[in-house]
Structures are given as structure tokens and as C-alpha cells.
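In: whatever this is, show me its structure:
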Amino acid sequence: MTNVPHELFNFATAASVASWSAVDDRVMGGVSRSRLRHDPLGHAVFEGTVSLQNNGGFASVRSAVLPRPPAAGIRRYLLDVLDLLDDGKRYKLTLRMDDAFDGIAYQAVFAPPAGLWTTVELPLQAFAASFRGRGVPEAPPLDPGRVRQVGLMIAESQEGEFALALRAIRTD
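Out: Numbers count the residues shown, from 1 in each chain. The predicted structure follows:
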């Protein structure tokens, strides 16, 4: 069976970022800041500053709960991205299978190449379960047919400014 690509998010319009919100280390006393904003050139920008002050060190944005999970049979997630600062920073695509604010997240790391739009491919096997930054080896495997929330994160003590442009997040 051939999978048909499915677009979860297309960031061509300003309305496409309206349901996303920041969830930074400020929830634990840190001072990092991030946002997902629309760029008039027709894409979104995940940007901000990661600070290690007050035991901080991560910044993230998350979509509102999806109205319905993506179709079953997904093999991978595809992100059309551009590293705007050419700084080689690593990001995570974060998926949640519930509607809760806190809980198990499934994360896959990616590092877009500098200076050009590229499609990052994240196979399901690249996603690892975590809870508040710690691995959860006993968690059930990621079921893409049950994904309810999608997010982006920068962590791993990557202090300083960051800026990642996104055109779309798709599955196939």
C-alpha cells in the first residue's frame, strides 16, 4: 500500500500560527523565550532565545489539540525547514498522543543544513518517548494514528538565539 502524503500544517498564512503557543522553561522558573510567528514571505518562524539561567535550557511551541488525529499507516513525518541563522542548532519535532498539557512526548531530533530550504524526513523509529526531558523506555510505542498535539523544541544546552523557518509539516 502506498501512503498518500498528508499535510498537517501549511504555514503560508498568518492564521496558520494562531493556534500555536509557547511552552518554555519558564514553566519551571527558567527565562528562555520562544514564539512561532508568521513571516510575510509565506512561512512560519520558530524563534527565540534559550537561556541556562535558573536551571533553564529549553524553548518550545505547541499546536492546539488537533481536531482529529492523522490517518493511520503513517511511516514518517516531513518538515520543510530552513536554518535562518546558519548556526547548526538541533531541534526536535514533538508529538503527543493525548490532550494533556504535561505527559509523555515522542521526540525526534533534526539538524537542518545551513542556508537552504530542505525537507527533513523523520521515520517513526526516530521518535523516542520522554517525560520532562527524561527517557521513558517503558512507554508504549508512538502510534501516529493517535497523535493529538504537535510541537517544536530546542534544548540540550544550546544557549543563545535561534530561528528556524518552516513551510509545512506533513506525513506519509
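In: is the residue nearest the centre of the chain in a bridge, and if so with what?
Out: For the chain, the residue nearest the mean C-alpha position is L152 (2.0 Å; C-alpha atoms, centre = their mean). Counting by DSSP bridges, L152 forms beta bridges with V61, L93.
In: quick check: buried residues in the helix or strand hosting V120?
Out: Using DSSP states H and E, V120 maps to strand 118-123. Residues of strand 118-123 classed as buried by neighbour count (16 or more other C-beta atoms under 10 Å): V120, L122. The C-beta positions use only the backbone N, C-alpha and C, and glycine is treated the same way.
In: quick one: that strand to chain centroid distance?
Out: Distance, stretch centre to chain centre, for strand 118-123: 12 Å (C-alpha atoms, centre = their mean, to the nearest Å).
In: the top strand by length along the chain vs strand 118-123, what angle?
Out: Ranked by number of residues, the top strand in the chain under DSSP state E is strand 160-171. Note on geometry: by axes from the mean of the first three to the mean of the last three C-alpha atoms, to 10 degrees, strand 160-171 and strand 118-123 are set 70 degrees apart in direction.
In: let me know the average pLDDT across strand 160-171.
Out: Across strand 160-171, the average pLDDT comes to 97.
In: and what of stretch 9-29?
Out: Stretch 9-29 shows a mean pLDDT of 94.
In: stretch 99-119 too?
Out: On average, stretch 99-119 scores 92.
In: just the buried positions in stretch 128-135, please.
Out: Neighbour-count burial for stretch 128-135 [16+ other C-beta under 10 Å]: A128, A129, S130.
In: could you dump those residues into TSV and include secondary structure and distance to V31?
Out: Listed next are the buried residues of stretch 128-135 as TSV, based on DSSP: H, G, I helix; E, B strand; the rest coil; distance: C-beta to C-beta, whole Å:
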residue	secondary structure	distance to V31
A128	strand	27
A129	strand	28
S130	strand	22
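In: which among those gets closest to L82?
Out: For the buried residues of stretch 128-135, the residue nearest L82 by C-beta to C-beta is A128; the value is 25.1 Å.
In: go ahead and confirm the closest one touches L95.
Out: No. Assessed by C-beta atoms under 8 Å, A128 is found out of contact with L95, at 10.9 Å.
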